[in-house]
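Trainee: got a sequence here, can you model it:
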Amino acid sequence: MFPTEPAAVNNGFGVLLRNRGFMLLWIGQLLSQLADKVFFVLMVALLENYPPPPGLAENSMYSTLMVAFTVPAILFGSAGGVFVDRFPKKLIMVGSDVVRGLMTLLIPFLPREFLILLIMTFAISSVTQFFAPAEQAAIPLLVRRENLMAANALFSSTMMGALIVGFAIGEPMLSWAKHLLGPDYGQELVVTILYLASAGIMQPIKLKDNTTISDSEVTINPWAEFKQGLRYLRKNRLVLNAMLQLTTLYCVFAALMVLAIRLAAEFGLKEKQFGFFLAAAGVGMVTGAGILGNWAEKLHHKPLPLIGFLMMAVVLGVFTFTHQLLLALGLCAVLGIGAALIGVPMQTLIQHQTPPSMLGKVFGFQNHAINIALSLPLAITGPITDALGLRSVLVGMSVVVSVVGIWAWQNTRRVLQDVI
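Mentor: Numbering: from 1, shown residues only. Down below sits the predicted model:
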């Protein structure tokens, strides 16, 4: 399952930098992540060229577009994992990049009707649901078991970096493309190039993947395989527990995305400057991932998830008594470090404990759960904050995070140190 890598003194990032297959996968997913973020910015930018349909207000077009972009993650998150276990993972990753790139390039040549834009957004987002589990399932096939912590740390840091950078550079990049390449198809061409570049970079990867196209000739029964994956999670409580911790982590971050708008007003910022708090948390996550990546062999026997949950709980509680902007940004960075101490070890644990034949299904479940975890808090955090107040919500979140962290550690502490 694990390939031979160059000998190294430590298990940090140095080993990964000499692993050609892993580096190609890492660069490819970074470009693909950037393409996803710039694509969403593109869809929002294109709305000005599409007249609203009868009965739909112009402001409602943005909400409808957001729904079309996010619903596929909820509908097809698990289904993508089923196909990952049946088809070669590289074929799925490269193929999904090519399909998304070509579909994006097709948009300028279609009629400028809002319904068509929604269909294209929905279709491209649906294809994305096959890329994510294939990418996550490919990491254990390219990296030694002892280097998985560093690998996941690197992926986590670049994923967060792509989230911050992608939305930041999306508008300037599209404006530059529109000016240089023309307003008719220049913006779409840039996103297409990002997707195709990702596909081209990952093409030389040689995966020790036992799945071949001939294996997939057996009839695929998504419902049966869904139940098979569910039975596996019920039996492997350690993997299920890790997935629950990751889901809790993403719930907290989704709620913070809503609360950050209120926090911006509390600290005298404009509402649209709420990104400062998210960026600070992103910097913290990158820092935490870097620490884990470089010193994983010294830290893996520590109760990292418990420490991470308690750090996040303390930050959420202290936030209610903070009135200085710099201190608040520092607290966000600490919260990001705590999140990295949860996310990286738990992702590594799932990869350790899952057999190759189940990787796709498990990561499909994980992506499905995470996408639901991101959606629900976005819907309910605002009304709850209106009813109870910002301080009460932050204190409540602090208590919930503490309880979940302690409960999860009590359930896993006897075996966790031996597998991460």
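
Trainee: average pLDDT across stretch 143-155?
Mentor: Averaging the model's pLDDT scores along stretch 143-155 yields 82.

Trainee: how far away from the center of its chain is it?
Mentor: Taking CA atoms, centre = their mean, to the nearest Å, one finds stretch 143-155 lying 17 Å from the centre of the chain it belongs to.

Trainee: return the distance of the residue sitting furthest away from the middle of the chain relative to Glu113.
Mentor: For the chain, the largest distance from the centre (CA atoms, centre = their mean) belongs to Pro54, which lies 35.6 Å off. Distance from Pro54 to Glu113, counting by CB to CB, to the nearest Å: 12 Å. Every residue, glycine included, has its C-beta placed from N, CA and C.

Trainee: cool, Leu238 as well?
Mentor: For Leu238 relative to Glu113 (CB to CB), the value is 50 Å.

Trainee: and these two? which has more neighbours close in?
Mentor: When Leu238 and Glu113 are compared for neighbours, Leu238 comes out ahead with 16 against 12, by other CB atoms under 10 Å.

Trainee: relative to Ala134, how far out is the more buried one?
Mentor: Distance from Leu238 to Ala134, by CB to CB: 23 Å.

Trainee: got it, and Leu65?
Mentor: 26 Å.

Trainee: what do you get for Leu263?
Mentor: For Leu263, the distance to Ala134 - CB to CB - is 37 Å.

Trainee: settle it for me: which of these two has more neighbours?
Mentor: Ala134 (29 against 21).

Trainee: and whatever helix or strand the more buried one lives in, what does it pack onto?
Mentor: According to DSSP states H and E, Ala134 maps onto helix 114-142. Packing contacts for helix 114-142, counted by 3 or more CB pairs under 8 Å, 6 or more residues apart in numbering; DSSP states H and E, involve helix 20-46, helix 58-84, helix 89-106, helix 148-181, helix 325-353, helix 359-388.

Trainee: repeat that with 10 Å
Mentor: helix 20-46, helix 58-84, helix 89-106, helix 148-181, helix 186-202, helix 325-353, helix 359-388 (3 or more CB pairs under 10 Å, 6 or more residues apart in numbering; DSSP states H and E).

Trainee: please produce JSON lines containing these, extended by distance to Ala242 and mean neighbour count.
Mentor: As requested, the helices and strands packed on helix 114-142 are exported to JSON lines (distance: least, CB to CB, whole Å; neighbours: other CB atoms under 10 Å):
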{"stretch": "helix 20-46", "distance to Ala242": "21", "mean neighbour count": "21"}
{"stretch": "helix 58-84", "distance to Ala242": "16", "mean neighbour count": "19"}
{"stretch": "helix 89-106", "distance to Ala242": "21", "mean neighbour count": "21"}
{"stretch": "helix 148-181", "distance to Ala242": "12", "mean neighbour count": "19"}
{"stretch": "helix 186-202", "distance to Ala242": "27", "mean neighbour count": "22"}
{"stretch": "helix 325-353", "distance to Ala242": "4", "mean neighbour count": "23"}
{"stretch": "helix 359-388", "distance to Ala242": "9", "mean neighbour count": "19"}
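
Trainee: related to what we said a few turns ago, which SS state does the residue farthest from the centre of the chain fall under?
Mentor: For Pro54, the secondary-structure state derived from DSSP: H, G, I helix; E, B strand; the rest coil is coil.

Trainee: for it, give its distance to Leu316.
Mentor: Distance, Pro54 to Leu316, by CB to CB: 45 Å.

Trainee: same check, this time on Val127
Mentor: Val127 is 36 Å from Leu316, by CB to CB.

Trainee: wait, Thr70 sits on Ser125?
Mentor: Yes - with contacts counted by CB atoms under 10 Å, Thr70 reaches Ser125, the gap being 7.4 Å.
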